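> sequence and predicted model, in that order:
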Amino acid sequence: GAGVSQSPSNKVTEKGKDVELRCDPISGHTALYWYRQSLGQGLEFLIYFQGNSAPDKSGLPSDRFSAERTGGSVSTLTIQRTQQEDSAVYLCASSFMIEGGTDTQYFGPGTRLTVL
Amino acid sequence: QKEVEQNSGPLSVPEGAIASLNCTYSDRGSQSFFWYRQYSGKSPELIMFIYSNGDKEDGRFTAQLNKASQYVSLLIRDSQPSDSATYLCAVNLPSGNTPLVFGKGTRLSVIA
């Protein structure tokens, strides 16, 4: 079946511009996650959604970052007034998380963001 | 604070040898444990998960879990150059809906 998809695969933007990154999770998956990975670094957790609500926004690095999820499916991560330090690969994952259950996450291919 | 620790490596092993990757975690209540493989420039892919103490085998991969000592390991038998990648350990807490906590990964290099 179809996996997690992300678009665009690559995005080059100028400092100060806004960008939107999209994630389409595996059909039926209730939970959706956003991570950031800088070159040679580990995964940095940003935010996750259970359904359309975001119980944990603690990883968002600044108020320039926001995310939403509608219809329990597609999610958009928005970065306003991009800075060069925002350059990274942004990864989305989804899982079928149930209360007290196992959270096996499946990752999308990522969006490589370059801020000039 | 929830922590998952891994040696960053690189861990170098000769082709055909057994590669042993280790991970420790801080939350004693953790119940589900995952290993992901990430090739350079690619996204993480799930290798296997383990819930119970002991060993779980899947092909050339064996996950080992010791909850008393709070560590989980991944053994790769007959290592191949194609196994060269970063291996991420992840841990799931049982309470409520909390996402996985990932370690920073161990870079494995299998030398032909």
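Good, I have the coordinates. Residues are numbered from 1 along each chain as shown, chains lettered A, B, ... in the order given.

> quick one: residues contacting the most centrally placed residue in chain A.
The centre of chain A sits closest to residue A:34, judged by Cα atoms, centre = their mean, with a distance of 2.9 Å. Applying Cβ atoms under 8 Å, 6 or more residues apart in numbering or on different chains, we find residue A:34 in contact with A:23, A:46, A:47, A:48, A:67, A:75, A:77, A:90, A:91, A:92. From N, CA and C alone the C-beta is placed, and that goes for glycine too.

> if we use 7 Å, what do you get?
A:46, A:47, A:67, A:77, A:90, A:92 (Cβ atoms under 7 Å, 6 or more residues apart in numbering or on different chains).

> return the helix or strand in chain A with minimum mean pLDDT.
Within chain A, no helix or strand scores below strand A:53-56, which has a mean of 86 by mean pLDDT, DSSP states H and E.

> that one pairs with which strands?
strand A:44-50 (antiparallel) (DSSP bridges).

> quick one: residues in contact with the strand it pairs with.
A:30-37, A:54, A:56-57, A:59-60, A:65, A:67, A:69, A:75, A:97, B:97, B:99.

> where does pLDDT dip in chain A?
The model of chain A has pLDDT under 70 over residues A:1, A:98-102.

> let me redo that: chain B
Low-confidence segments of chain B (pLDDT under 70): B:1-2, B:94-98.

> list the contacts for residue A:21?
With contact set as Cβ under 7 Å, 6+ apart, residue A:21 has these partners: A:76, A:77, A:90, A:111.

> helix/strand/coil for it?
Secondary structure, DSSP: H, G, I helix; E, B strand; the rest coil: residue A:21 is strand.

> can you map out the strands along the chain?
Because you didn't say which chain, this covers chain A. Ranges of strands in chain A, per DSSP state E, are A:5-7, A:10-13, A:19-24, A:31-37, A:44-50, A:53-56, A:65-69, A:75-79, A:88-95, A:106-107, A:111-115.

> could you do chain B instead?
B:4-6, B:11-14, B:19-25, B:32-38, B:45-50, B:54-58, B:61-66, B:71-76, B:85-92, B:101-102, B:106-111.

> so which of these is the most surrounded?
Mean neighbours per residue, mean count of other Cβ atoms under 10 Å in any protein chain shown, is largest over the strands of chain B for strand B:85-92, with a mean of 24.

> would you mind listing what in chain A touches chain B?
Proximity of chain A to chain B is confined to A:33, A:42-43, A:45, A:48, A:50, A:55, A:91, A:97, A:99-100, A:102-110 under the rule Cβ under 7 Å from any Cβ of the partner chain.

> mind giving me the PyMOL select for those, buried ones only?
Here is the PyMOL selection string for the buried members of the residues of chain A next to chain B, based on 16 or more other Cβ atoms under 10 Å in any protein chain shown:
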select buried, chain A and resi 33+42+43+45+48+50+91+97+102+103+104+105+106+107+108+109+110
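
> tell me the contacts of residue A:35?
So residue A:35 contacts A:43, A:44, A:45, A:46, A:91, A:93 (Cβ under 7 Å, 6+ apart).

> which of those sit farthest apart?
Checked with Cβ to Cβ, the contacts of residue A:35 reach their widest spread between A:44 and A:93, with 13.0 Å between them.
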